[in-house]
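S.K.: Quick one: sequence and predicted model below, then my questions.
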2 protein chains.
Amino acid sequence: MDKVNIIKVGGKIVEDPAALEQFLQDFAKISGHKLLVHGGGTLATELAEKLGIENKMTEGRRITDAETLKIVTMVYGGLINKNIVARLQAKNINALGLTGADLNLIRSGKRPVKEIDYGYVGDVQEVQGDVIADLLKLGIVPVLAPITHDKKGQLLNTNADTIAAETAKALAGFFEVHLIYCFEKKGVLMNPEDENSLISEIDSALFKEYVEQGIIQGGMIPKLQNAFDAIRCGVKDVTITKAQDILLGRGSKIIQ
Amino acid sequence: MDKVNIIKVGGKIVEDPAALEQFLQDFAKISGHKLLVHGGGTLATELAEKLGIENKMTEGRRITDAETLKIVTMVYGGLINKNIVARLQAKNINALGLTGADLNLIRSGKRPVKEIDYGYVGDVQEVQGDVIADLLKLGIVPVLAPITHDKKGQLLNTNADTIAAETAKALAGFFEVHLIYCFEKKGVLMNPEDENSLISEIDSALFKEYVEQGIIQGGMIPKLQNAFDAIRCGVKDVTITKAQDILLGRGSKIIQ
């Protein structure tokens, strides 16, 4: 079975031109089938602020109202996505920028309103793994923006980590899938302030223990939950690493 | 040889949600292979104004500086393109939103500075007709935004009429190509104020005569020049028509 590397790069790399260029140079060197999922970071927030659109937050989570959806569609689906594509094409990588609406690749459902109305936020319902597999087999490198659709004409803002995990799961029937989350730290750290406190391997028992002890917290919890879910669904392994270390095979490896 | 309809829809339709929805309903009904090229109209200008970015014009032509390029990449490549894709997918059309950077479909060169520096504007140099033909044969409906790249990492703002004509020419070796320009009037009019003054057929001799007489003027001249160029390069026919008439086969037909 052919391998595919699915790499998610976070907002802090995407919003820093020099860091993004270095990352794309490294990404271009990865051999074999590969797919990039990007976040958007603060670029959407900055544009919203310039336009006088309030960044609505509830319990620390961003609310995507109609105006915010336009912003993220412009920034994630247009500005960031197409600039990454052009820069990869310059490195002879046959990049194709996509949202979940394109080719109906990722269908999602608008998150139901319970305590919080998240607005135009989509929870992934179906990824067309066979279509993405066909693109990969043609030598195409898909570049996925964190926007999906409901197949009824509505675009939806969708978490990039989730898109990476769901795409990895959908490709598990076609490839040996390696899922790699890149961000600004070396991996999962025992102490977020100490880069030398890397946890090199985490299984679900250790994860549970560290969450209970408060060692793993915040945004790392859903990231790791996505990782364990992906592994349960056939993904070979998940690595959480520093973007700069992507060619080195370092970071925290998530195992069952 | 299979037929393909290449349809260009202008800004005045794209910026009017009701007109766009009607157009997309009609577009969805066109049988066989098809491809949509869209402009952006005043939506980019409006966003630039909101952001306090000056719309620089020289001799009536827009100048695309670095900030304006960001705006058009966001609005054309993101907001408009992905909304059209989502709305076509809802009508079971397998739309794929693309710029010229994606799959290296359309490579252009930054327009040389002569009397005027147009900034980040691209003149089309090469369209990969074979790649677009492969997409069409897979049942995919490409939706092209008027953004191209120079294959060196730079996105470039590119005239949508030109993209439609160059794409039509590049596909002429693979399909019987029908190129249709949709806009807000019934076609080429003897008197722009009189919708009953439609010129139903124009050849290059008549075009020359009408330009000399001042009957055909302004933005219609480059549009028709593109049309004649396309026909000389193997495109079967070019029609200029009202968006609302697209299923009726009306409008001005451009012949050699």
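M.R.: The structure has been received and is ready for your questions.
S.K.: CA atoms for contacts and neighbours, from now on please.
M.R.: Will do.
S.K.: just the residues of chain A that are near chain B, which are they?
M.R.: Residues of chain A found near chain B (Cα under 8 Å from any Cα of the partner chain) are A:50-51, A:70, A:73-79, A:82-83, A:85-91, A:94-99, A:101-104, A:140, A:149, A:151-155.
S.K.: Select only the buried ones of the residues you listed in ChimeraX?
M.R.: Command for ChimeraX, covering only those of the residues of chain A next to chain B found buried under the criterion 16 or more other Cα atoms under 10 Å in any protein chain shown:
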select /A:70,73,74,75,76,77,78,79,82,83,85,86,87,88,89,90,91,94,95,96,97,98,99,101,102,103,104,140,149,151,153,154,155
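S.K.: quick one: low-confidence ranges for chain A?
M.R.: Within chain A, the ranges that satisfy pLDDT under 70 run A:59-60.
S.K.: Could you pull out the strands in it for me?
M.R.: A:3-9, A:33-38, A:57-58, A:61-62, A:95-98, A:106-110, A:122-127, A:141-144, A:147-149, A:155-157, A:176-183, A:201-202, A:237-242, A:252-254 (DSSP state E).
S.K.: Mind giving me the packing neighbours of the fifth one?
M.R.: What that stands for is strand A:95-98. On a contact count with 3 or more Cα pairs under 8 Å, 6 or more residues apart in numbering or on different chains; DSSP states H and E, strand A:95-98 meets helix A:81-90, strand A:141-144.
S.K.: what's around A:Asp2, how many residues?
M.R.: A:Asp2 sits with 10 neighbouring residues when counted by other Cα atoms under 10 Å in any protein chain shown.
S.K.: For it, grab phi and psi.
M.R.: Backbone torsions for A:Asp2, taken as degrees, to the nearest 10, come to phi -70, psi 150.
S.K.: so it touches A:Glu176, yeah?
M.R.: Yes - proximity of A:Asp2 to A:Glu176 meets the contact threshold set by Cα atoms under 8 Å, at 6.0 Å.
S.K.: Please point out which parts of stretch A:10-25 sit buried.
M.R.: Going by neighbour count (16+ other Cα under 10 Å), the buried part of stretch A:10-25 is A:10-15, A:19-21, A:23-24.
S.K.: same deal with stretch A:214-233?
M.R.: Residues of stretch A:214-233 classed as buried: A:216, A:223-224, A:226-231, A:233 (neighbour count, 16+ other Cα under 10 Å).
S.K.: which residue does chain A bring closest to chain B?
M.R.: Nearest residue of chain A to chain B: A:Gly78, at 3.7 Å (Cα to the nearest Cα).
S.K.: contacting residues around that residue?
M.R.: B:73-79 (Cα atoms under 8 Å, 6 or more residues apart in numbering or on different chains).
S.K.: mind listing which of the buried residues of stretch A:10-25 are in helices?
M.R.: A:11-14, A:19-21, A:23-24 (DSSP state H).
S.K.: mind checking which of the strands of chain A is nearest B:Lys253?
M.R.: Set against B:Lys253 and scored by Cα to Cα, these come closest in strand A:95-98, at 35.1 Å.
S.K.: circling back: how about TSV for the helices and strands packed on strand A:95-98, with distance to A:Lys253 added?
M.R.: Shown next, in TSV, are the helices and strands packed on strand A:95-98 (distance: least, Cα to Cα, whole Å):
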stretch	distance to A:Lys253
helix A:81-90	27
strand A:141-144	23
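S.K.: can you list the ones in helices among the buried residues of stretch A:10-25 in JSON lines and add distance to A:Ser108?
M.R.: Shown next, in JSON lines, are those (distance: Cα to Cα, whole Å):
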{"residue": "A:Gly11", "distance to A:Ser108": "22"}
{"residue": "A:Lys12", "distance to A:Ser108": "26"}
{"residue": "A:Ile13", "distance to A:Ser108": "26"}
{"residue": "A:Val14", "distance to A:Ser108": "24"}
{"residue": "A:Ala19", "distance to A:Ser108": "31"}
{"residue": "A:Leu20", "distance to A:Ser108": "28"}
{"residue": "A:Glu21", "distance to A:Ser108": "31"}
{"residue": "A:Phe23", "distance to A:Ser108": "29"}
{"residue": "A:Leu24", "distance to A:Ser108": "28"}
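S.K.: ok, back up a step: quickly name whichever of the contacts of A:Gly78 is closest to B:Tyr210.
M.R.: Nearest member of these to B:Tyr210, counting by Cα to Cα, is B:Tyr76, at 33.3 Å.
S.K.: Wait, the closest one touches B:Pro146, no?
M.R.: Yes - contact criterion Cα under 8 Å: B:Tyr76 and B:Pro146 qualify, at 6.8 Å.
S.K.: Find the residues that touch each one of those two.
M.R.: Shared contacts of B:Tyr76 and B:Pro146, defined by Cα under 8 Å, 6+ apart, are found at B:Gly39.
S.K.: Now do the helices in the stretch 151-256 of chain A.
M.R.: Listed in chain order, the helices of the stretch 151-256 of chain A (DSSP state H, counting those that start in this stretch) span A:160-171, A:204-212, A:220-232.
S.K.: do you know which of these lies nearest A:Thr58?
M.R.: That would be helix A:220-232 among the helices of the stretch 151-256 of chain A, by Cα to Cα, at 17.5 Å.
S.K.: circling back to that earlier point, tell me which two of the buried residues of stretch A:214-233 sit farthest apart.
M.R.: Largest pairwise distance in the buried residues of stretch A:214-233, by Cα to Cα, is 22.9 Å, between A:Ile216 and A:Cys233.
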